[in-house]
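Undergrad: Task: produce atomic coordinates for the following.
(2 chains)
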Protein chains: 2
Amino acid sequence: MPANVAIQGFRGSFHEVAARQYFGAAPALLPCATFGAVVAGVLSGAADAGLMAIENSLVGSIMPNFALLERAALRISGEVYLPIQQHLLALPGTTLADVQAVHSHPMALRQCGGFLGQHPHWQLIETDDTGHSAERLAQAQTPAVAVVAGRQAAELFGLAVLVPDIHDDPLNYTRFLVLERQLPASDPASGANKASLYFYTPHQPGSLARVLTEVARHGLNLSKLESVPRLGQPWHYAFHADVEFEEPTQFAALLTALPQYTEALRVLGTYWRGIMNEE
Amino acid sequence: MPANVAIQGFRGSFHEVAARQYFGAAPALLPCATFGAVVAGVLSGAADAGLMAIENSLVGSIMPNFALLERAALRISGEVYLPIQQHLLALPGTTLADVQAVHSHPMALRQCGGFLGQHPHWQLIETDDTGHSAERLAQAQTPAVAVVAGRQAAELFGLAVLVPDIHDDPLNYTRFLVLERQLPASDPASGANKASLYFYTPHQPGSLARVLTEVARHGLNLSKLESVPRLGQPWHYAFHADVEFEEPTQFAALLTALPQYTEALRVLGTYWRGIMNEE
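TA: Coordinates of the predicted model:
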């Protein structure tokens, strides 16, 4: 169990809720304003582990975080699925007509695009965090400002839920990755049933099909495939693939087979699948 | 040639530059504050065609626009690749030390994440458009505000380039799609060498591999594969695939073969590949 965990976000954030779900009450949480700061905190040893959102079921992948995973010498050691309910929070007594600006993390704003789009005169202001935005509103006492955040932020900072459940679809989940420093050497798949891979393929027809055929031939399930731009090579893509397996030997066999079909293949981590609880 | 074209953005925007590159000087441009308004304008007949950014080589896909493509009964009839240079614009005489807030479209802010991250005290404010932000700054004359936009916006509105080329990598391109209303009936691939497909696959191992193997077996090149969340089905993905071919018969044969491996297969459009000019 890590003694301290770096999270993106502050008190009242969804990262805080996800960290408590995964690690329990014991670890100290180190709030970070950016995802890059989470990675840096784990790399430097300031934190024993980090927690970083990677995709949301409404909005899709958080693309810059795939770039962080590619560049940092970290390993993914776990994942958390968290149901997300976004609310429009404001000072008690504020009405919808008072609101002129809405502050929140860009991912939270995007999960509520339908609702926010009905109020085109509202200024949308990107912030570092849902919880931080709620705290600042409570401190500044500005009735013209509302915040998109979770119920935990309303309770923590004494804000009112002006409009509940403003996310675009009731089934709204965010997936978080647990990040740790790399181990000196270990069996990549022991004690795990899921793995995250990074690779690119030769620029020729059928190259990605051959990779995915190998995944299927070895009996693994491809749970996620994300194409990401390669810096300096416009329209050449690298891939992040998550594969699920029952036996570590399946994954080991896949790792033996893949290098002939891929370039720059790396295992970003092996870990236990997270459980998706219904809210 | 369309008489008028709906674009996301206003005077001085990159959509304006892309529209002129593709359509020339003749059509009237109908500025729209949102991508949804572009789609609605074409659907209603207010515009004969629309132009919508779909991906950027640094930032990746604009995920909400894939959802728009899925839901709207439009067809993709062309594409434009535009080199993008982002600059920090301000009123003449403004210095970096004066800047407290930076306004721009969220995609432009994200292309400059490295530069903007060096100034963590700047408030980043999402707007509907790079050009519009530049125009408003010129009108409001607020020295504490800077704008991320292209050189065309600086020239149009008399702003100074405070810091040039602030995008994260010199090779920065945006791909735009041309949208038109659907035709009553036509040969899907005549007069085209590229197509955009939408589908999902049965939730069983190897299903995506089988689709991509068919693409390769028919001699088509998969130029883009994007997984998108399916609304109401967390962690079940649909796919947007772009395929390139030399002969329309290749594409016709693929369309005959794919239904046995896919669900909900749709051709979103067939068109000529855009040319990527070096700046």
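Undergrad: can you map out the strands along the stretch 101-250 of chain A?
TA: Assigned strands in the stretch 101-250 of chain A, in chain order: A:101-104, A:123-126, A:145-149, A:160-163, A:173-181, A:194-200, A:221-230, A:233-244 (criterion: DSSP state E, counting those that start in this stretch).
Undergrad: Show me what the fifth one packs onto, helices and strands only.
TA: The helices and strands touching strand A:173-181, judged by 3 or more CB pairs under 8 Å, 6 or more residues apart in numbering or on different chains; DSSP states H and E, are helix A:14-23, helix A:35-44, strand A:49-56, strand A:74-83, strand B:233-244. Glycine gets a C-beta too; all of them are placed from N, C-alpha and C.
Undergrad: which of the strands of the stretch 101-250 of chain A sits most buried?
TA: Ranked by mean neighbour count under mean count of other CB atoms under 10 Å in any protein chain shown, the strands of the stretch 101-250 of chain A are led by strand A:145-149, which reaches a mean of 29.
Undergrad: what's it packed up against?
TA: On a contact count with 3+ CB pairs under 8 Å, 6+ apart, strand A:145-149 meets strand A:87-90, strand A:101-104, helix A:106-111, helix A:130-140.
Undergrad: For the stretch 51-200 of chain A, give me the ranges with low pLDDT.
TA: The model of the stretch 51-200 of chain A has pLDDT under 70 over residues A:184-189.
Undergrad: Flag every residue of it that's near chain B.
TA: Residues of the stretch 51-200 of chain A found near chain B, taking CB under 8 Å from any CB of the partner chain as the criterion, are A:55-61, A:63-64, A:106, A:109-110, A:113, A:117, A:120, A:123-126, A:168-169, A:171-173, A:175.
Undergrad: which of the residues you listed count as buried?
TA: Buried members of these, counted by 16 or more other CB atoms under 10 Å in any protein chain shown: A:55-61, A:63-64, A:106, A:109-110, A:113, A:124-126, A:168, A:171-173, A:175.
Undergrad: Ignoring the adjacent residues along the chain, who's closest to A:Leu254?
TA: Nearest residue to A:Leu254, sequence neighbours excluded (CB to CB, 6 or more residues apart in numbering or on different chains): A:His218, at 4.6 Å.
Undergrad: Confirm that A:Ala25 sits in a strand.
TA: No. Assessed by DSSP: H, G, I helix; E, B strand; the rest coil, A:Ala25 does not belong to a strand; its assignment is coil.
Undergrad: I'd like to know how far it sits from A:Val5.
TA: Using CB to CB, to the nearest Å, one obtains 12 Å as the distance from A:Ala25 to A:Val5.
Undergrad: and if you look at A:Pro205?
TA: Distance check for A:Pro205 against A:Val5: by CB to CB, it reads 44 Å.
Undergrad: Counting neighbours, go ahead and name the busier of the two.
TA: When A:Pro205 and A:Val5 are compared on other CB atoms under 10 Å in any protein chain shown, the one with more neighbours turns out to be A:Val5, at 28 against 18.
Undergrad: Beta-bridge partners for the residue nearest the centre of chain A, please?
TA: Closest residue to the average C-alpha location of chain A: A:Ala53 at 1.4 Å, with CA atoms, centre = their mean. Following DSSP bridges, A:Ala53 is listed with bridge partners A:Phe176.
Undergrad: quick revisit: what's the most buried one of the helices and strands packed on strand A:173-181?
TA: Most buried of those, by mean neighbour count (mean count of other CB under 10 Å): strand A:49-56, with a mean of 26.
Undergrad: Report how many residues lie close to A:Ala192.
TA: The criterion is other CB under 10 Å. On that basis, A:Ala192 has 19 neighbouring residues.
Undergrad: ok, it to B:Val215 distance?
TA: The gap separating A:Ala192 from B:Val215 is 32 Å, by CB to CB.
Undergrad: ok so, going back, using TSV, lay out the helices and strands packed on strand A:145-149 together with distance to B:Val102.
TA: Listed next are the helices and strands packed on strand A:145-149 as TSV, based on distance: least, CB to CB, whole Å:
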stretch	distance to B:Val102
strand A:87-90	25
strand A:101-104	15
helix A:106-111	14
helix A:130-140	18
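Undergrad: right, so these: which one is the most enclosed?
TA: Between the helices and strands packed on strand A:145-149, strand A:87-90 has the highest mean count of neighbours, a mean of 26, where neighbours are mean count of other CB under 10 Å.
Undergrad: what number of residues lie near the nearest residue to A:Ala3 once chain neighbours are set aside?
TA: Leaving aside its sequence neighbours, A:Ala3 sits nearest to A:Asp48 (CB to CB, 6+ apart; 5.6 Å). Look at A:Asp48: counted by other CB under 10 Å, it has 18 neighbours.
Undergrad: Once you drop chain neighbours, what's closest to A:Gly198?
TA: In this structure residue A:198 is Tyr, not Gly. Counting by CB to CB, 6+ apart, A:Arg266 is the residue found nearest to A:Tyr198 once chain neighbours are left out, at 4.7 Å.
Undergrad: now the one helix or strand that neighbour maps to and strand A:74-83, what's the angle there?
TA: If you go by DSSP states H and E, A:Arg266 is part of strand A:263-271. With axes from the mean of the first three to the mean of the last three CA atoms, to 10 degrees as the criterion, the two stretches strand A:263-271 and strand A:74-83 enclose an angle of 60 degrees.
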